[in-house]
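Enquirer: Got a predicted structure plus its sequence, pasted below:
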Amino acid sequence: MPKKNKLTTPDWIREGFDSEADYNKAKGINKDKKKTKSFKIKECPKCKSKDVSVVLEGSGEGTGWLCKKCGWKGEDVNERELNEDEFMKYLDEKGEKVA
């Protein structure tokens, strides 16, 4: 007969929580993976356009950002974090085809 593993009491019970959901909330554990997915987009800090690109400058000078709409150049581009629904809306507005 194969050896059976012993059952253990879950942490949320041992620590005195009323439910696993209360335990997860108190510990900052998020088991819902869909809500945690996010996408980052770059924006021009001057005109808020999303039409920015990386610019590689001469030898050893480093990199920067260039806004194709207003001509802004710099190193500190804004970064916005979008959830999946906001990102899909952004792609629709931009005219990108989504499979």
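Expert: Great, that's in hand.
Enquirer: following the worst-scoring helix or strand of the chain on mean pLDDT, which helix or strand shows up next?
Expert: Within the chain, no helix or strand scores below helix 33-36, which has a mean of 54 by mean pLDDT, DSSP states H and E. Once the chain leaves helix 33-36, the next helix or strand it forms, by DSSP states H and E, is strand 38-43.
Enquirer: Quick check: which ranges of the chain have low pLDDT?
Expert: In the predicted model of the chain, residues 1-2, 32-36, 58-62, 98-99 satisfy pLDDT under 70.
Enquirer: Can you tell me the centre-most residue of it?
Expert: In the chain, the residue lying closest to the centroid (CA atoms, centre = their mean) is S38, at 3.2 Å.
Enquirer: where exactly do the strands run in the protein?
Expert: Assigned strands in the chain, in chain order: 38-43, 52-56, 63-67, 73-74, 78-83 (criterion: DSSP state E).
Enquirer: Dump those to CSV, plus distance to K3.
Expert: (Each C-beta comes from the backbone N, C-alpha and C, glycine too.) Below are these laid out as CSV (distance: least, CB to CB, whole Å):
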stretch, distance to K3
strand 38-43, 44
strand 52-56, 58
strand 63-67, 59
strand 73-74, 65
strand 78-83, 46
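Enquirer: Go through the ones you listed and pick out the most buried.
Expert: Stretch with highest mean neighbour count among the strands of the chain: strand 63-67 (a mean of 16; mean count of other CB atoms under 10 Å).
Enquirer: Contacts for it next, please.
Expert: 42, 44, 46-47, 49, 51-57, 72-77 (CB atoms under 8 Å, 6 or more residues apart in numbering).
Enquirer: How about exporting the top helix by length along the chain as CSV, limited to the C-alpha atoms?
Expert: The residue-count maximum for a helix in the chain (DSSP state H) belongs to helix 84-94. Taking only C-alpha atoms (Å, rounded to 0.1, in the frame of the first residue of the first chain), the coordinates of helix 84-94 have been written out as CSV:
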residue,chain,number,x,y,z
GLU,A,84,-6.3,44.8,-20.7
ASP,A,85,-9.6,46.5,-21.5
GLU,A,86,-7.9,50.0,-21.7
PHE,A,87,-5.2,48.6,-23.9
MET,A,88,-7.6,47.0,-26.3
LYS,A,89,-9.5,50.3,-26.5
TYR,A,90,-6.2,52.1,-27.2
LEU,A,91,-5.4,49.7,-30.0
ASP,A,92,-8.9,50.1,-31.5
GLU,A,93,-8.5,53.9,-31.5
LYS,A,94,-5.0,53.6,-33.0
